[in-house]
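> Model the following, please.
(one chain, ligands or ions: 1)
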Amino acid sequence: MKAITYPGYGEPSVLELSDITDRPVGRGEILVRLVAASVNPVDWKTTAGYLADYAPVEFPAVAGSDVSGTVVAVGDDVTEFRVGDDVIGSVAPFIGAFSELAPVAAAVAAAKPDRLTFAEAACLPTAGLTALTAIRALAPEPGDTVVVNGAAGGIGTFATQLARSAGARVVGICSPAGADHVRRLGAEPVAYGPGLTSRLPDLDPARTSLVDTHGGEALADLVAVLGDPARAVSVAAPEIGTHGGRYLVVAPNGGDLAELAGAAADGRVQVVVARTFPIRDTRDAYEHLRAGGVHGKVVLDASTGW
Ligand SMILES: NC(=O)c1ccc[n+]([C@@H]2O[C@H](COP(=O)([O-])OP(=O)(O)OC[C@H]3O[C@@H](n4cnc5c(N)ncnc54)[C@H](OP(=O)(O)O)[C@@H]3O)[C@@H](O)[C@H]2O)c1
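Model (predicted):
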C-alpha cells in the first residue's frame with residue numbers, strides 16, 4: 001500500500017511517497033482506509049526527531065497521527081466498530097497515520113458524524129481534544145474571561161469556541177493577520193509581540209483564566225494578569241509550572257472525541273479547514289504549517305488517490 005514515509009529524522013523534505021507492506025489488523029485495532037488526515041505540529045516535530053526520547057521511531061517510518069476514513073478490518077476484542085463504518089481517530093504516538101490503511105486503536109476512535117466532511121472530521125482528534133482538555137481543566141462559566149494565547153492556531157481555534165460555548169468572554173492573542181479569524185470565532189483579538197499585556201482589554205483578575213498554546217517570552221506576564229496563577233494552563237510550555245500554572249498533555253480517547261464530534265456536527269464548534277493539500281504533497285503541508293500564519297487546520301486529502 002502507499003504511505004508517506006521518511007527514512008530518517010530530518011526536515012519535511014525527507015518525506016516521500018512509498019510502497020509499504022500491508023499490515024494485519026491488531027487486537028483492539030481497526031484498519032481505516034484513509035480519506036483525509038490533518039497535520040499537527042507534532043507531526044513535523046516527530047519527523048524532525050524532536051520527540052526521539054519520548055516516542056522513538058523505527059525507520060523507515062510512516063508519518064502522521066490524525067485520520068478519518070472507513071473501517072476495512074476489525075481486530076479481536078473490538079465491539080464498537082464494524083467494517084464500513086466511517087470513523088475518526090489518531091494513531092499513537094504520532095507515527096503511522098498517513099498510509100492507505102491506518103491502524104487506529106478502537107479505544108481512541110469515534111464515529112464520524114454524517115454532517116461533517118472527512119476533511120473536517122480529521123481535524124478533531126489532536127487539536128480538538130487538546131483544546132477540550134484545556135477548557136475542561138479551567139471550567140469557565142458565563143461571565144468569566146478566558147485569554148487564549150495562539151487563538152488562531154489549530155488548538156486555539158477550538159479552545160476559543162469551546163470557551164465561548166461555555167458562555168465565557170474570550171480574548172484571543174494572535175498575529176494581526178489572524179485578527180479577523182479570531183473575531184469570527186466570537187473573541188476579541190489582541191496582537192502578540194512586545195507590549196502585549198498593555199494591549200489587553202480591562203479584565204477582572206478574579207474571573208480570568210489563560211489557555212496558552214504557544215509559550216514564549218510573554219507567558220510569565222500573561223500568568224501575572226490572573227488573580228490566581230492556578231487558572232493558567234499551557235499545552236505548549238512545561239515551564240508554566242514555574243509560574244504557578246499547569247502543563248497539560250492530551251490523552252486521546254474515543255468518548256471525548258465523540259463528544260467533540262457531536263459539538264462540531266450540531267454547530268456548537270466550527271471546524272475551520274484553512275488549507276487542503278493532496279496527500280502526496282505532505283511535505284508542502286508540513287512546510288506550510290511550520291511557516292506559521294495558518295488560521296485553523298491544515299488537511300491532507302487522500303480521496304482522489306495517492
Ligand atoms: N500538550 C499537548 O498535549 C499538546 C497536544 C497538541 C499540540 N501541542 C502543542 O501545542 C502547540 C500549538 O499547537 P497547534 O496545533 O495549535 O499549532 P498551530 O496551529 O501552529 O498554532 C500555533 C499558534 O501560535 C501562534 N503564535 C505564534 N507566535 C506567537 C506568539 N509570539 N504569541 C502567541 N501566539 C503565537 C501562531 O500564530 P501565527 O501562525 O499567526 O504566527 C499560531 O496561531 C504546539 O507546540 C504543539 O506541539 C501540545
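> use CA for all of it now, contacts and neighbours both
Fine.
> Just confirm residue 53 is within a helix.
No - looking at residue 53 with DSSP: H, G, I helix; E, B strand; the rest coil, it is coil, so not inside a helix.
> What separation is there between whatever residue of the stretch 51-200 of the chain ends up closest to the ligand and residue 187?
Of all residues in the stretch 51-200 of the chain, residue 153 sits closest to the ligand, at 3.2 Å by CA to the nearest ligand atom. Computed as CA to CA, to the nearest Å, the residue 153 to residue 187 distance reads 13 Å.
> cool, residue 171 as well?
6 Å.
> Up against the ligand, what does the stretch 101-250 of the chain have?
For the stretch 101-250 of the chain, the residues in contact with the ligand (CA under 6 Å from any ligand atom) are 126-127, 130, 149-156, 173-175, 178, 192-193, 213-214, 235-236, 248-250.
> In contact with the residue sitting nearest the centre point of the chain: list those residues for me.
In the chain, the residue lying closest to the centroid (CA atoms, centre = their mean) is residue 127, at 1.7 Å. By CA atoms under 8 Å, 6 or more residues apart in numbering, residue 127 lies in contact with 40, 154, 155, 158.
> Give me the pLDDT for the residue lying closest to residue 21 once chain neighbours are set aside.
The spatially closest residue to residue 21, leaving aside those adjacent along the chain, is residue 1, at 6.3 Å (CA to CA, 6 or more residues apart in numbering). According to the prediction, residue 1 has pLDDT 96.
> same question, the one 3 residues further on
In this model, residue 4 is scored at 98, pLDDT.
> Pretty sure it sits against residue 63.
Yes - under the criterion of CA atoms under 8 Å, residue 4 makes contact with residue 63 at 5.9 Å.
> Mind listing the shared neighbours of those two?
Shared contacts of residue 4 and residue 63, counting by CA under 8 Å, 6+ apart, come down to residue 98.
> Give the bridge partners for residue 62, please.
Judged by DSSP bridges, the bridge partners of residue 62 are residue 5.
> Buried residues, stretch 20-34. List them.
Across stretch 20-34, burial judged by 16 or more other CA atoms under 10 Å covers 25, 26, 29, 30, 31, 32, 33, 34.
> and that stretch, C-alpha only, in CSV?
Provided in CSV are the C-alpha atoms of stretch 20-34 (Å, rounded to 0.1, in the frame of the first residue of the first chain):
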residue,chain,number,x,y,z
ILE,A,20,5.0,-0.4,2.1
THR,A,21,3.9,-3.9,3.1
ASP,A,22,0.2,-4.2,4.2
ARG,A,23,0.0,-5.0,7.9
PRO,A,24,-2.6,-7.2,9.6
VAL,A,25,-5.1,-5.6,12.0
GLY,A,26,-4.0,-5.9,15.6
ARG,A,27,-6.0,-6.8,18.7
GLY,A,28,-8.1,-3.8,19.8
GLU,A,29,-7.4,-2.1,16.5
ILE,A,30,-9.4,-1.0,13.4
LEU,A,31,-7.8,-0.5,10.0
VAL,A,32,-9.1,2.7,8.4
ARG,A,33,-9.0,3.3,4.7
LEU,A,34,-7.8,6.9,4.7
